[in-house]
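>>> Give me coordinates for this.
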Amino acid sequence: MAWPDGIGVSKRRELLFGTRLVPCYSERPATIDAMFRAAVVRRPDGEALVDGERRYSYGQLHALVTRAAASLLAQGAQPGDRMALVLSNRAEFLIALLAAARAGIVAVPVSAREQRPGIAGILNDCGASILIHDSGLADRMPDAAEVPSLVSRISVGGAVDGCRPFEALLETDAEPPQSAEPQREEDTAVILYTSGTTGKPKGALLAHVNIIHSALHFEECWDYREGERAVLAVPASHVTGLVAVVMAMIRVAGCTVMMPAFDVAGFLDLASRERMTATVLVPAMYNLCLLRADFSRYDLSSWRIGGFGGAPMPEATVEAMAERLPGLHLLNAYGSTECATIISVVPIGHTRACLDSVGMCVPCGDLRIVDDQGRECPPGVSGEVWIRGPMTIRGYWNREDATRDSFVDGYWRSGDIGTLDGRGYLRLHDRKNDVINRGGHKIYSVEVENLLVRHADVVEAAVVAHPDPVLGEKIHVFVISKSGSLTEDAVRDFCRASLAEYKVPDYVTLLGDALPRNANGKVTKRVLRDQVSTT
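Residues are numbered from 1 along each chain as shown. So this is what the prediction gives:
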């Protein structure tokens, strides 16, 4: 493994988006379609996609993508048009995504969990002219009056009034016409809407060059090899599923195994049957596997790389997974939509040495810790995480104000508070907006949350500020108990044993159900803050 200790893959500085001189991979495909075509040449008979009983080689997938792209263009779509995909994890998602890339159409994946107002808002914001959706979601699709820009509707998995069946896209034998304007790597390939945990979602403009560099980062950092096999158990419409799994597999001519919805037995059975070698999950999925599965029933000997991110992984989970699967490398990663997924990753073999870290900056990235005065912080001093590189997006769709606020000299201002140590390992402490100021004491909510999830009777916890007329803010924690018998005093006593007194929660709310989450699965602390403000 070359990275981070060896020579690594050849790189050079290049000017991107007119103003950013950043390290780039010297040898890379120019577009997503070029990356896909290279995989077809490398492994035409190799398996590219599995969806239940349906299996597609790279050659077969290439033929379907060609037909779909030709059909879309023949029916009036133009390069640069936006095509919304409200689809679950299924073969048609990948066919449509790659067809869009070939035709020069901008794909706009939307969570299949999104509700009608949110779908209408996204489609209107991006001016989508084509909508492809699961037939089972038809009642959530906005009508013509709600989204005037839509001219074509396509259903997958069943007939829907007013929609053409997806199969009709695959009936032509024509080749897509050659565009007079060849695609460039800085052209937008995908618009992904940010989760909107603090307000209205914004459309992040992911260019070909952004996505390709992230795929190359996975290949170099986690030693992805030709023919890898990954189960897609997180949504394909999210940046993790789209880039960390689907695009990373295409880069190495690997296979994506679709899983419509995660459940422990189904995931482990699929991983065993399909000889899965790699995947990216959230920590809760690993915890559920440990809680609910007998690993001896499954042959998981092929599973080599287990990525995770979005939340801390308890040390006990790492130890338990290592005991059951000694050949598995559990590797933390920190990412964002604005950076086409990964910003930092834990190198293979380094997990135990940095359990509290989200790893090192990716090879082509430039990561800085910056204080409120815009000064770079020395090692060990906390500040906001800023990141620049070829994977960092140009900005947001039709939101010059948000682009101005979020990007400085090509650096994306993450809103996360973190520190870098002397070895270059990044540790995250909190979201900038989630830091609680309790009478002058700054408290990172994630510190309290990370402690509470170690409690044997805690499933999950979230901390928000509780307004206080004297101290300004106090600590309010929302807790989900496994047994339902956990008490407020027990929560405080547990915290008091490990934290300074001013970090012990002032208010404890025990919930009987899960924490509120948005369509992408992130905890919506805005909802919890609203709940606090009404008490």
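>>> quick check: longest helix of the chain.
For the chain, the helix with the greatest residue count under DSSP state H is helix 58-74.
>>> Can you name the residues that contact the closest residue to Ser10 other than its chain neighbours?
Nearest residue to Ser10 in three dimensions, chain neighbours excluded: Ser26, at 4.3 Å (Cβ to Cβ, 6 or more residues apart in numbering). C-beta coordinates here come from the backbone N, C-alpha and C atoms, glycine included. The neighbours of Ser26, taking Cβ atoms under 8 Å, 6 or more residues apart in numbering as the test, are 9-12.
>>> so how far is the lowest-mean-pLDDT helix or strand in the chain off the chain centroid?
Using mean pLDDT, DSSP states H and E, strand 441-443 stands out as the lowest-scoring helix or strand of the chain, at a mean of 80. Chain-centre distance of strand 441-443: 30 Å, with Cα atoms, centre = their mean, to the nearest Å.
>>> Report the rounded mean pLDDT for the helix or strand following it.
Note on strand 441-443: by DSSP states H and E, the next helix or strand toward the C-terminus is helix 445-452. In this model, helix 445-452 carries a mean pLDDT of 87.
>>> buried ones in the next helix or strand after helix 445-452?
Heading C-terminal from helix 445-452, the first helix or strand you meet, by DSSP H and E, is strand 458-468. Residues 458-466 are the ones in strand 458-468 that count as buried (16 or more other Cβ atoms under 10 Å).
>>> Who are the packing partners of the following helix or strand past strand 458-468?
Using DSSP H and E, the helix or strand that directly follows strand 458-468 along the chain is strand 472-481. When contacts are defined as 3 or more Cβ pairs under 8 Å, 6 or more residues apart in numbering; DSSP states H and E, strand 472-481 packs onto strand 436-438, helix 445-452, strand 458-468, strand 507-511, helix 525-533.
>>> remind me which residues of the stretch 101-250 of the chain are low pLDDT?
Applying pLDDT under 70 to the stretch 101-250 of the chain flags the ranges 178-181, 195-199.
>>> That one: strands as residue ranges?
106-109, 130-134, 152-156, 164-165, 188-193, 203-207, 229-232 (DSSP state E, counting those that start in this stretch).
>>> Show me which of the contacts of Ser26 is closest to Thr277.
Val9 (20.6 Å; Cβ to Cβ).
>>> Could I get the pLDDT score of the closest one?
89.
>>> Please list all residues in contact with the closest residue to it other than its chain neighbours.
In space, Val9 comes closest to Glu220 once its chain neighbours are excluded; the distance is 5.2 Å by Cβ to Cβ, 6+ apart. Taking Cβ under 8 Å, 6+ apart, we find Glu220 in contact with 2-3, 8-9, 363.
>>> farthest pair in these?
Among these, Ala2 and Pro363 lie farthest apart (Cβ to Cβ), at 9.5 Å.
>>> hey, what's in contact with both of those two?
With contacts defined as Cβ under 8 Å, 6+ apart, the residues adjacent to both Ala2 and Pro363 are 8-9, 220.
>>> still on that earlier bit, how about the strands of the stretch 101-250 of the chain, which one is nearest Ser344?
strand 203-207 (18.7 Å).
>>> who does that closest one touch, helix- and strand-wise?
Checked by 3+ Cβ pairs under 8 Å, 6+ apart, strand 203-207 has helix 116-126, strand 188-193 packed alongside it.
>>> Next, the angle from it to helix 116-126.
Here strand 203-207 runs at an angle of 50 degrees relative to helix 116-126 (axes from the mean of the first three to the mean of the last three Cα atoms, to 10 degrees).
>>> What residues sit buried inside strand 203-207?
Across strand 203-207, burial judged by 16+ other Cβ under 10 Å covers 203-207.
>>> Of the contacts of Glu220, select the buried ones using a PyMOL command.
The command below creates a PyMOL selection of those among the contacts of Glu220 that count as buried (16+ other Cβ under 10 Å):
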select buried, resi 3+9+363
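>>> would CSV of the contacts of Glu220 with secondary structure be doable?
Shown next, in CSV, are the contacts of Glu220 (DSSP: H, G, I helix; E, B strand; the rest coil):
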residue, secondary structure
Ala2, coil
Trp3, coil
Gly8, coil
Val9, coil
Pro363, coil
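>>> Would you double-check that Leu291 falls in a helix?
Yes - assignment of Leu291 by three-state DSSP places it within a helix.
>>> hang on, Ala91 packs against Tyr56?
Yes - judged on Cβ atoms under 8 Å, Ala91 makes contact with Tyr56 at a distance of 6.8 Å.
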